[in-house]
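K.L.:
fold the following for me, if possible:
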Amino acid sequence: MAPENQKTAFATVGTTSFDALVDQLISKDFLQTLHEQDYQRLVIQYGRGITEPQSRIVHGVEVRAYRYKPSIREDLENADLVIGHAGAGSVLETLTLNKRLLVVVNETLMDNHQAELAEEFASQGFLHWTTVSKLPTVFPALDWRNIKKYQPGKPELFAQYIDDFFGI
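P.N.:
All right, here's what the predicted structure looks like:
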């Protein structure tokens with residue numbers, strides 16, 4: 001639950017650069033949509049990107065941002081919703097905490113395994129996913145009622161699945 005009973009969205013791009021997502025998140029239109037969904041706070045971990053979001057309040061949504069921290073665990077725990085890239089570590093850590101997760105796939109990556117990972121977890125009912133261009137229309141229409149709680153299994157089996165999936 002968010003501190004001070006404020007509904008919080010946390011966005012993370014990990015160690016990558018995903019300016020298209022960050023730019024979309026800090027747009028006035030998206031912040032208005034967050035406000036309409038009763039969010040009062042957006043915290044953005046923006047990684048190596050060029051876009052450096054400024055702390056401000058837009059449409060009643062407080063925006064905070066940082067490049068990196070030693071751990072994003074506290075931000076994940078305080079979030080009511082996580083919007084993130086499709087990095088396996090970010091996805092698993094978020095799902096293990098049973099947080100609502102909207103994965104935004106970076107379409108500019110070559111051999112985009114992120115899309116495959118997001119599609120697989122979504123097909124199993126653990127998360128929703130979209131692309132940056134579809135985020136403004138997909139986000140307000142999301143239905144979280146049928147999202148399943150992720151039950152972490154044996155990490156070595158997941159590691160083997162990833163190795164097999166990527167042919168390692």
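
K.L.:
how close does the residue lying closest to Thr33 once chain neighbours are set aside sit to Arg67?
P.N.:
Excluding its sequence neighbours, the residue lying closest to Thr33 (CB to CB, 6 or more residues apart in numbering) is Pro140, at 5.5 Å. Using the backbone N, CA and C atoms, a C-beta is placed for each residue, glycine as well. With distances defined as CB to CB, to the nearest Å, the gap from Pro140 to Arg67 amounts to 29 Å.

K.L.:
also Asp75?
P.N.:
Remark: distance between Asp75 and Arg67 (CB to CB) = 13 Å.

K.L.:
check Leu76 too.
P.N.:
Taken as CB to CB, the span from Leu76 to Arg67 is 17 Å.

K.L.:
same check on Trp144?
P.N.:
Distance from Trp144 to Arg67, counting by CB to CB: 29 Å.

K.L.:
cool, Arg100 as well?
P.N.:
Spatial separation of Arg100 from Arg67 under the definition CB to CB is 24 Å.

K.L.:
surely Ala122 meets Thr130?
P.N.:
No: under the criterion of CB atoms under 8 Å, Ala122 lies out of contact with Thr130, with a separation of 9.6 Å.

K.L.:
so what sits against both of these two?
P.N.:
The contact sets of Ala122 and Thr130 overlap at Val103 (CB atoms under 8 Å, 6 or more residues apart in numbering).

K.L.:
how about the strands in this protein?
P.N.:
For the chain, the strands identified by DSSP state E occupy 8-12, 41-45, 56-58, 61-66, 81-84, 100-105, 128-131, in order along the chain.

K.L.:
distance of the spatially closest residue to Leu142 that is not a sequence neighbour from Val138?
P.N.:
The spatial neighbour of Leu142 that comes closest, neighbours along the chain excluded (CB to CB, 6+ apart), is His128 at 5.4 Å. Using CB to CB, we find His128 at a distance of 7 Å from Val138.
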